[in-house]
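>>> Give me a model of this one.
(one chain, ligands or ions: 1)
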Amino acid sequence: MAKKTALVTGASRGIGRGIAIELARAGCNIAINYASNAAAAEEALTLVRAAGGDGVLIKGDVAVAADRERMVAETIARFQRIDLLVNNAGVAPNVRADLLEAGEESFDRLYAINLKGPYFLTQIVAKRMLAQEKDSEGFRGRIVTISSISAYTASINRGDYCVVKAGLGMMTKLFADRLANDGINVYEIRPGIIATDMTGGVKEKYDRLIIEQGITPIRRWGRPEDIGRAVRAIAEDRFPFSTGAVFDVDGGFHLHRL
Ligand code: NAP
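Presented below is the predicted three-dimensional model:
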């Protein structure tokens, strides 16, 4: 694969780090965005270099317009182009609250970070990609958004999270349609239950659901590299005639079973 540059949001830890490492294995340069955990970001950069890629750290909050602009500018300044945007940064509600009690503060926070941030970051990056020459594979760029099984699964103790993740599904369709004829393919990946800091607080509950009750037909936790490998396949243009496509990387969670 020709050397490509990826901007991965929330790449300091968890799924984003797994994606960055897998892309580095494919030889990509990675702009590693993070919110505040500089030590974790440094560690991610070390792992990216060990995996064969080059990287740059970019601190910035995807919910803040000026930070989004700067993330893109710093990636271009360092690597000249962006071949792949991975909208991965995201947060869970600080407190899970029943649908009839949950407040606006949590909704606004999740909306800003998990939906408005990627929506407008995608807008900026798409415009940059449109101004780029096509690469040797014939693409100006690729865009991947990490949503969730929560895009279609009702969890009544975190409705805010479900609603904004569902919004990412429509965001993917919209940008896929807008950019389809311009050499930019757009994809959505829906991870299942993945072992990261985000799920650390509910580990015992999910251990029971996965291993004892088989909520996922493949009875194991997902790993960040499971998502990383899917993103790598997109980076390597394994799906050149697909756009707006949704990939379920969830151990079969999405299957209706009887
Ligand atoms: P995580 O372990 O909590 O890591 C979150 C990452 O996002 C960190 O790198 C964090 O940076 C960064 N981040 C948080 N807020 C940010 C902001 N405002 N601006 C920029 N970066 C920000 O989470 P994860 O489990 O890897 O989840 C990653 C994505 O996958 C999220 O969108 C999540 O909703 C989705 N997802 C996760 C699961 C799961 O089971 N874990 C399942 C489905 C979907 P710092 O290190 O600086 O805090």
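>>> Could you find the closest non-adjacent residue to D54?
Closest residue in space to D54, ignoring its immediate chain neighbours: N29 at 4.7 Å, by C-beta to C-beta, 6 or more residues apart in numbering. C-beta here means a position set from N, CA and C on the backbone, and glycine is covered the same way.
>>> show me what contacts D182?
Listed by C-beta atoms under 8 Å, 6 or more residues apart in numbering, the contact set of D182 reads L130, R140.
>>> For the stretch 101-250 of the chain, what lies in contact range of the ligand?
Contact residues, the stretch 101-250 of the chain versus the ligand (C-beta under 6 Å from any ligand atom): I113, I146, S148, P191, I193, I194, T196, D197, M198, T199.
>>> show me the residues around the third one that make contact.
The one in question is S148. So S148 contacts G90, Y161, K165, R190, P191 (C-beta under 8 Å, 6+ apart).
>>> pLDDT score for it?
Looking at S148, its pLDDT reads 98.
>>> now swap in A2 and tell me
If you check A2, the pLDDT there is 76.
>>> now the helices: where do they sit in the stretch 101-250 of the chain?
Applying DSSP state H, counting those that start in this stretch to the stretch 101-250 of the chain gives helices spanning 104-110, 117-130, 159-179, 197-200, 203-207, 224-235.
>>> so which of those helices is the most packed in?
Scoring the helices of the stretch 101-250 of the chain by mean neighbour count under mean count of other C-beta atoms under 10 Å gives helix 224-235 as the most buried, with a mean of 22.
>>> how about that helix as CSV, C-alpha atoms only?
Extracted in CSV, the C-alpha atoms of helix 224-235 (Å, rounded to 0.1, in the frame of the first residue of the first chain):
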residue,chain,number,x,y,z
PRO,A,224,-9.6,-2.6,20.0
GLU,A,225,-7.6,-4.4,17.3
ASP,A,226,-10.8,-6.0,16.0
ILE,A,227,-12.0,-2.5,15.1
GLY,A,228,-8.5,-1.6,13.9
ARG,A,229,-8.4,-4.4,11.5
ALA,A,230,-11.7,-3.4,9.9
VAL,A,231,-10.4,0.2,9.5
ARG,A,232,-7.2,-1.1,8.1
ALA,A,233,-9.2,-3.0,5.4
ILE,A,234,-10.9,0.3,4.5
ALA,A,235,-7.5,2.2,4.4
